[in-house]
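Peer 1: prediction below, plus the sequence it came from.
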Amino acid sequence: MHIVFAASECVPYAKTGGLADVVGSLPAELAKLGHRVTVYLPRYRQVAKMIPNPPVALRSVTIPFAYYNRFAAILDGGVTHGVQHYFVDCPEMFDRENFYSTPSGDYGDNAERFGLFCRAVLEASKQLGVPDVFHVHDWQASMLTVLLRSTYFFDPVLRNVPSVLTIHNAGYQGWFPPDTMEKLLLPWDMFTMDKLEHFDTVNFLKGGIVYADAITTVSRKYAEEIQTPELGASLDGVLRDRSADLVGILNGVDYAEWNPATDHNIAAHYTAANLEGKQECRRDLLHAFGLDHIAAETPVIGLVSRFTSQKGFDLLSETIDKLALEDMVLIALGNGEQFYEDMMREMEARFPGKLRVMVKYDNVLAHKIEAGADLFLMPSRYEPCGLNQIYSLKYGTVPVVHATGGLDDTIDNWDMETNTGTGFKFRDYTPEALLDTTRWALDTFRSKEAWSALMQNGMAQDYSWKRPAEEYAALYERVVRQRS
Ligand code: ADP
Ligand code: GLC
């Protein structure tokens, strides 16, 4: 089967979060299963810097807008791990400092940028290889499914090609003003509540949900949660309407990238059988954060996160006074919204001996934290899947998480009676629950035996892509069958 992925992020080319890890690793696993996989990505400035002069696959595809055309080239990123990559090159759209936004807000023309991207993928596919199925990711690629079933409805080449939409985060939907319909040449009769219209805006993700042949999200729990008003981010009704075609497939992780036995970003290698190297990683991490003096008995809590409201920083700010009284240090890496960056810096200024923050995006440091910390904190308000806690398991770094979405699906609570469990989780999204559970984890750290069992339990978990890739392949086959 030939599967075309359309996405706005993909490791190693462009990454702000877990979407990039998924699009960087699931295709390779599908290729291993014998499928042909092609990934399309916008050619951001960062991609152009990485690969300055790739071969040109198509010199020009025409993308019509109201009153004018734009033209995109399709550049050949070559084949990596059996997967063909193409970059949609349209400098006036993608040759910018960032992918989606500047610190002062989203780019004003994101509807045109990602509308163009989706159309370019359809046009390019007609010439470079018509897939059996399109697999699109998040709102940025959702317009592809809409175009397929509207503007391209009569295209003899594409009309029977099904599409699968994966929702990595229902909190980001792509809301745009009504005149977007005209800008993108979409028929006005689609601007209705049962199609693209949403509170008098054009909602890209909603369009994807309405028109995709199947919808997946990245954990079973989150698939249930987004059908409720609490976590559906106003799309729960639309999602309930499509519940027969909605499934949760838990993400896998790429153990070639995230494995303490082989990770080239960390100070020393280690395995479940020989944990010696982890101490060296801890020393190296503490050094990087200027905390060389920390005693071996003091637990190190790590945190790597986008700094946004999703990730639980409100809870952290309400608990930090009490947490700072405990014997522990918290090491945080992240960036994102100004508000939360400032909040983290302020907390650090108040408790410099207890909390160290680096406000930046740094992949090497993210690996060092996974390896060098004793505990890993993810108090997310909601979490579709979450990859960091899965990486943590592999690194023997015990997760403390809010029991939501993929965090709930991947972490089992420690049980000292049976020596089972892989971490600590709290159900209520309250400062008290976070504090109690973190204290429970810190107490448990003091028992060498219990801690060793926890680490071993976590390191024995297998979240590789093999099973999820098979689930996706079965789903592709189903949608292809249904359309033919
Ligand atoms: P989300 O996609 O919601 O941000 P995930 O847990 O799925 O959450 O994935 C986050 C990914 O992004 C992980 O690979 C994590 O290591 C990485 N990451 C997040 N913030 C940073 C950062 N500041 N520096 C380096 N890597 C980061
Ligand atoms: C999103 C979610 C995260 C998930 C990732 C990859 O960014 O916030 O929970 O792990 O996508 O699917």
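Peer 2: Structure received. Ligands and ions are numbered 1, 2, ... in the order given.

Peer 1: who in the stretch 51-200 of the chain is up against ligand 2?
Peer 2: Taking Cβ under 6 Å from any ligand atom, the part of the stretch 51-200 of the chain that reaches ligand 2 is made up of H168, N169. Just so you know, the C-beta spots here come from the backbone N, C-alpha and C atoms, and that holds for glycine as well.

Peer 1: what do you get for the stretch 201-350 of the chain?
Peer 2: Counting by Cβ under 6 Å from any ligand atom, the residues of the stretch 201-350 of the chain near ligand 2 are V218, N251.

Peer 1: recalculate using a threshold of 8 Å.
Peer 2: Contact residues (Cβ under 8 Å from any ligand atom) of the stretch 201-350 of the chain with ligand 2: V218, S219, Y222, N251, R306, Q310.

Peer 1: quick check: the farthest pair among the residues you listed?
Peer 2: Across those, the longest distance by Cβ to Cβ is 17.8 Å; it joins S219 and R306.

Peer 1: still on that earlier bit, of the residues of the stretch 201-350 of the chain next to ligand 2, closest to N413?
Peer 2: Closest to N413, out of all of those and judged by Cβ to Cβ, is S219, at 17.1 Å.

Peer 1: just checking, the closest one touches G252?
Peer 2: No: when contacts are counted by Cβ atoms under 8 Å, S219 is not listed as touching G252 (11.7 Å).

Peer 1: for this structure, longest strand please?
Peer 2: Taking DSSP state E as the criterion, the chain has its longest strand at strand 68-80.

Peer 1: what are the buried residues along that one?
Peer 2: R70, A72, A73, I74, L75, D76, G77 (16 or more other Cβ atoms under 10 Å).

Peer 1: can you check stretch 91-101 too?
Peer 2: Residues M93, F94, R96, F99, Y100 are the ones in stretch 91-101 that count as buried (16+ other Cβ under 10 Å).

Peer 1: redo those as JSON lines? Include pLDDT.
Peer 2: Converted to JSON lines, these look like this (pLDDT from 0 to 100):
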{"residue": "M93", "pLDDT": "98"}
{"residue": "F94", "pLDDT": "98"}
{"residue": "R96", "pLDDT": "98"}
{"residue": "F99", "pLDDT": "97"}
{"residue": "Y100", "pLDDT": "97"}
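
Peer 1: now E471: how far from D254?
Peer 2: 17 Å (Cβ to Cβ, to the nearest Å).

Peer 1: same question but for V164, I mixed them up
Peer 2: On the measure of Cβ to Cβ, V164 and D254 end up 21 Å apart.

Peer 1: who has more neighbours, these two?
Peer 2: Taking neighbours as other Cβ atoms under 10 Å, V164 and D254 compare with V164 leading, 25 against 20.

Peer 1: direction included, what does the strand or helix carrying the more buried one pair up with?
Peer 2: Using DSSP states H and E, V164 sits in strand 163-167. Note on strand 163-167: by DSSP bridges, its sheet partners are strand 133-137 (parallel), strand 214-217 (parallel).

Peer 1: looking at those strands, which is buried most?
Peer 2: strand 133-137 (a mean of 27; mean count of other Cβ atoms under 10 Å).

Peer 1: CA atoms of that one as CSV?
Peer 2: C-alpha atoms of strand 133-137 as CSV (Å, rounded to 0.1, in the frame of the first residue of the first chain):
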residue,chain,number,x,y,z
VAL,A,133,-4.6,6.6,1.5
PHE,A,134,-3.7,10.0,2.8
HIS,A,135,-2.8,10.2,6.4
VAL,A,136,-3.0,13.8,7.7
HIS,A,137,-2.0,15.2,11.0
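
Peer 1: next SSE after that strand?
Peer 2: Assigned by DSSP H and E, the successor of strand 133-137 is helix 138-148.

Peer 1: poorly predicted segments of the chain, please.
Peer 2: Regions of the chain meeting the criterion pLDDT under 70 are absent.

Peer 1: how about the residues of it near ligand 1?
Peer 2: So the chain meets ligand 1 at 15-22, 168-169, 251, 258, 304-306, 310-311, 333-335, 358, 360-363, 365-367, 370, 378, 380, 383-389, 391, 406 (Cβ under 8 Å from any ligand atom).

Peer 1: and with 6 Å instead?
Peer 2: Close to ligand 1, as judged by Cβ under 6 Å from any ligand atom, the chain has residues 17-19, 21, 304-306, 333-335, 361-363, 366, 385-388.

Peer 1: burial check on E417, number of neighbours?
Peer 2: The burial count for E417: 5, using other Cβ under 10 Å.

Peer 1: on the three-state scheme, it is what?
Peer 2: coil (DSSP: H, G, I helix; E, B strand; the rest coil).

Peer 1: distance of it from A450?
Peer 2: E417 is 11 Å from A450, by Cβ to Cβ.

Peer 1: can you pull out the strands in the stretch 251-400 of the chain?
Peer 2: 300-307, 329-336, 355-359, 375-378, 398-402 (DSSP state E, counting those that start in this stretch).

Peer 1: and the first one with strand 329-336, angle?
Peer 2: Orientation check (axes from the mean of the first three to the mean of the last three Cα atoms, to 10 degrees): strand 300-307 against strand 329-336 gives 10 degrees.

Peer 1: list the buried ones in strand 300-307?
Peer 2: For strand 300-307, the neighbour count (16+ other Cβ under 10 Å) marks V300, I301, G302, L303, V304, S305, F307 as buried.

Peer 1: does the first one touch F289 like I think?
Peer 2: Read it as V300. No: using Cβ under 8 Å as the test, V300 is too far from F289 to be in contact (9.2 Å).

Peer 1: intersection of neighbour lists for those two?
Peer 2: Among the neighbours of V300, those also in contact with F289 (Cβ atoms under 8 Å, 6 or more residues apart in numbering) are I331.

Peer 1: so who does the residue nearest to E318 when sequence neighbours are not counted touch?
Peer 2: Nearest residue to E318 in three dimensions, chain neighbours excluded: P431, at 4.0 Å (Cβ to Cβ, 6 or more residues apart in numbering). By Cβ under 8 Å, 6+ apart, the contact set of P431 is L315, E318, T319.

Peer 1: can you put the buried residues of stretch 91-101 in a markdown table and add secondary structure?
Peer 2: Shown next, in a markdown table, are the buried residues of stretch 91-101 (three-state DSSP):
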| residue | secondary structure |
| --- | --- |
| M93 | helix |
| F94 | helix |
| R96 | coil |
| F99 | coil |
| Y100 | coil |
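
Peer 1: all set now, cheers.
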